[in-house]
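Asker: can't give you the sequence, but here's the structure:
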């Protein structure tokens with residue numbers, strides 16, 4: 001009879017291998033858990049302290065480096081960038097922030113850039129007396145067909161005895177009043193009647209000879225009425241001194257001078273005319289009006305030269321053809 005060994009002792013080598021495998025498996029599991037723990041700790045995932053809050057770590061990568069940011073750092077930077085963007089928008093001009101289409105008129109709506117529909121047409125502005133106002137406030141005034149543009153006017157009229165012939169003085173006075181009516185209150189004027197002396201209008205009620213120096217006066221309604229009284233009382237008398245009357249007018253610094261006379265004698269020499277041109281520091285336009293009894297002037301005289309040398313106009317009036325309207 002063959003003796004049998006107990007059942008548990010039949011495979012001793014298999015039992016040894018099973019125990020060894022189990023030991024290796026347990027140690028391997030511990031090793032895996034240890035690796036997982038170390039990996040989590042290196043990335044800031046889990047903490048060894050119980051109850052500690054988990055933080056989110058963000059990585060910012062550039063071409064040369066990596067930067068680790070916490071959630072708090074990221075929120076602070078985001079808030080700072082939003083604040084800076086808002087501040088920049090608050091100070092950026094409208095032309096940089098907004099598209100102006102729809103705000104400004106299109107070229108087609110403004111005649112392709114022409115502002116004539118937006119700005120007033122100053123060339124059509126009419127003064128109180130029907131005269132055309134110019135953009136700079138000046139006005140065009142006409143005396144016996146000659147015209148001058150400006151804001152300061154001097155009227156220098158001959159009052160010598162010969163001006164009493166054929167209604168010459170009456171015609172001169174009527175035209176002078178007409179010239180004053182073309183001025184606005186913002187314009188200035190002065191009136192001078194001369195023979196051998198020059199009498200200058202003074203709105204204070206005084207007349208002036210060479211000893212006094214009135215100034216240009218504004219064409220207010222009150223001054224215009226006083227000027228008309230001054231004109232009415234002037235009577236033709238005496239001889240003439242053209243040069244001293246012109247010098248007095250230049251001293252006022254006007255823009256335009258209207259110079260009227262019926263006598264070419266005494267003549268003003270070419271040298272004296274050159275001096276007048278030098279003395280004309282305000283660059284006044286000098287228009288000359290010659291009254292005569294003939295149909296045309298006998299010859300060229302100093303009145304033509306005086307006008308030409310000072311950018312003015314010359315005209316000749318045959319006094320016998322003058323007709324006055326009685327109002």
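Answerer: Good, I have the coordinates. No experiment lies behind these values; they were computed from the predicted model shown. Numbering: from 1, shown residues only.

Asker: Spatially, what comes nearest to residue 250 if we skip its sequence neighbours?
Answerer: Leaving aside its sequence neighbours, residue 250 sits nearest to residue 279 (C-beta to C-beta, 6 or more residues apart in numbering; 5.3 Å). Any C-beta I mention is one placed from the backbone N, CA and C, and that applies to glycine too.

Asker: Can you give the contact residues for the helix or strand in which residue 169 is found?
Answerer: With secondary structure defined by DSSP states H and E, residue 169 is part of helix 168-180. Contacts with helix 168-180, where a contact means C-beta atoms under 8 Å, 6 or more residues apart in numbering, come from 141-144, 153, 155, 157-159, 162-163, 189, 191, 219, 224, 227-228, 231-232, 234-236, 258, 260, 262, 291, 317, 319, 322, 324-325.

Asker: surely the residue nearest to residue 250 meets residue 248?
Answerer: No: using C-beta atoms under 8 Å, residue 279 is not in contact with residue 248; the gap is 11.1 Å.

Asker: And these two? Which one has more around it.
Answerer: Just comparing residue 279 and residue 248: by other C-beta atoms under 10 Å the higher neighbour count belongs to residue 248, 22 against 12.

Asker: Residue 216: what's its closest spatial neighbour, skipping adjacent residues?
Answerer: Spatial nearest neighbour of residue 216, chain neighbours left out: residue 188 (4.0 Å); criterion: C-beta to C-beta, 6+ apart.

Asker: For beta bridges, what are the partners of that neighbour?
Answerer: Beta bridges link residue 188 to residue 152, residue 218, judged by DSSP bridges.

Asker: Strands of the chain, residue ranges please.
Answerer: Under the criterion DSSP state E, the chain contains strands at 57-61, 66-70, 139-143, 146-150, 152-158, 188-194, 198-200, 217-218, 256-261, 285-292, 314-318.

Asker: most neighbours per residue, which of those?
Answerer: strand 256-261 (a mean of 27; mean count of other C-beta atoms under 10 Å).

Asker: Give me the contacts around that strand.
Answerer: Contacts to strand 256-261, defined as C-beta under 8 Å, 6+ apart, come from residues 141, 143-144, 146, 148-150, 152-158, 160, 172, 179, 240, 242, 245-246, 249-250, 284-291, 303, 306, 310, 312.

Asker: ok, now with 7 Å
Answerer: Applying C-beta atoms under 7 Å, 6 or more residues apart in numbering, the contact partners of strand 256-261 are 141, 143, 146, 148, 150, 153-158, 172, 240, 242, 246, 249, 284-290.

Asker: cool, stretch 316-327 as well?
Answerer: 144, 165-168, 170-171, 174, 289-297.

Asker: Now tabulate the strands of the chain in CSV and tack on mean pLDDT and distance to residue 274.
Answerer: Shown next, in CSV, are those (pLDDT from 0 to 100; distance: least, C-beta to C-beta, whole Å):
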stretch, mean pLDDT, distance to residue 274
strand 57-61, 54, 89
strand 66-70, 58, 89
strand 139-143, 97, 25
strand 146-150, 97, 22
strand 152-158, 98, 19
strand 188-194, 97, 22
strand 198-200, 94, 22
strand 217-218, 96, 31
strand 256-261, 98, 17
strand 285-292, 97, 14
strand 314-318, 96, 18
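
Asker: Run through the bridge partners of the nearest residue to residue 244 once chain neighbours are set aside.
Answerer: Computed as C-beta to C-beta, 6+ apart, the closest residue to residue 244 that is not its neighbour in sequence is residue 198, at 6.2 Å. Here residue 198 sits in beta bridges with residue 194, going by DSSP bridges.

Asker: And residue 165, what's its pLDDT?
Answerer: At residue 165, the pLDDT value in this model is 86.

Asker: Now do the closest residue to it other than its chain neighbours: how many residues are near it, please.
Answerer: Spatial nearest neighbour of residue 165, excluding adjacent residues (C-beta to C-beta, 6+ apart): residue 319 at 6.9 Å. Residues lying near residue 319 (other C-beta under 10 Å) number 19.
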